[in-house]
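*Asks:* Give the three-dimensional model of this entry:
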Amino acid sequence: MGESAGQLALRLRTHAKSFTFADLKRVCEHYFGGSRQKGTSHLVFKTGIATPALVNIQSQGKMAKPYQCRQVAEAIAAKTGIEIPR
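*Replies:* Sure thing, here's the model as predicted:
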């Protein structure tokens, strides 16, 4: 099936420009649960931590936006204590 969500998370910072939206969504669903989406193209995930409390992602064609990949990586690091390599 490809890479696991954990393996994908390790690539978030180093390969942010080549990260697909589908993969970013899968990582967010794995670490943060289901998203909230109300008639927009944005997916909003509750992180379960104080800062950032929410992570917002949106596709850029088939690709994820690089700055959003970095934000997700920082939220995962804050939530799990696992540092995502730069």
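*Asks:* how near is R70 to L10?
*Replies:* 14 Å (C-beta to C-beta, to the nearest Å). Every residue, glycine included, has its C-beta placed from N, CA and C.
*Asks:* Work out the gap between stretch 60-72 and the centre of the chain.
*Replies:* 8 Å (C-alpha atoms, centre = their mean, to the nearest Å).
*Asks:* all helices for this structure, in order.
*Replies:* Counting by DSSP state H, the chain has helices at residues 5-10, 21-32, 66-80.
*Asks:* Quick check: which ranges of this structure have low pLDDT?
*Replies:* 1 (pLDDT under 70).
*Asks:* What count of nearby residues applies to G33?
*Replies:* 11 (other C-beta atoms under 10 Å).
*Asks:* In this structure it contacts T47, no?
*Replies:* No. If you go by C-beta atoms under 8 Å, G33 and T47 don't touch, sitting 9.4 Å apart.
*Asks:* what's near enough to touch the nearest residue to Q68 once chain neighbours are set aside?
*Replies:* Leaving aside its chain neighbours, Q68 sits nearest to I57 (5.0 Å; criterion: C-beta to C-beta, 6 or more residues apart in numbering). Taking C-beta atoms under 8 Å, 6 or more residues apart in numbering as the criterion, I57 is in contact with F21, L24, K25, C28, H42, L43, F45, A64, K65, Q68, V72.
*Asks:* mind putting the residues you listed in JSON lines, distance to P52 and neighbour count included?
*Replies:* Shown next, in JSON lines, are these (distance: C-beta to C-beta, whole Å; neighbours: other C-beta atoms under 10 Å):
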{"residue": "F21", "distance to P52": "19", "neighbour count": "19"}
{"residue": "L24", "distance to P52": "15", "neighbour count": "25"}
{"residue": "K25", "distance to P52": "17", "neighbour count": "17"}
{"residue": "C28", "distance to P52": "12", "neighbour count": "25"}
{"residue": "H42", "distance to P52": "15", "neighbour count": "13"}
{"residue": "L43", "distance to P52": "14", "neighbour count": "20"}
{"residue": "F45", "distance to P52": "10", "neighbour count": "23"}
{"residue": "A64", "distance to P52": "17", "neighbour count": "26"}
{"residue": "K65", "distance to P52": "16", "neighbour count": "18"}
{"residue": "Q68", "distance to P52": "11", "neighbour count": "22"}
{"residue": "V72", "distance to P52": "10", "neighbour count": "29"}
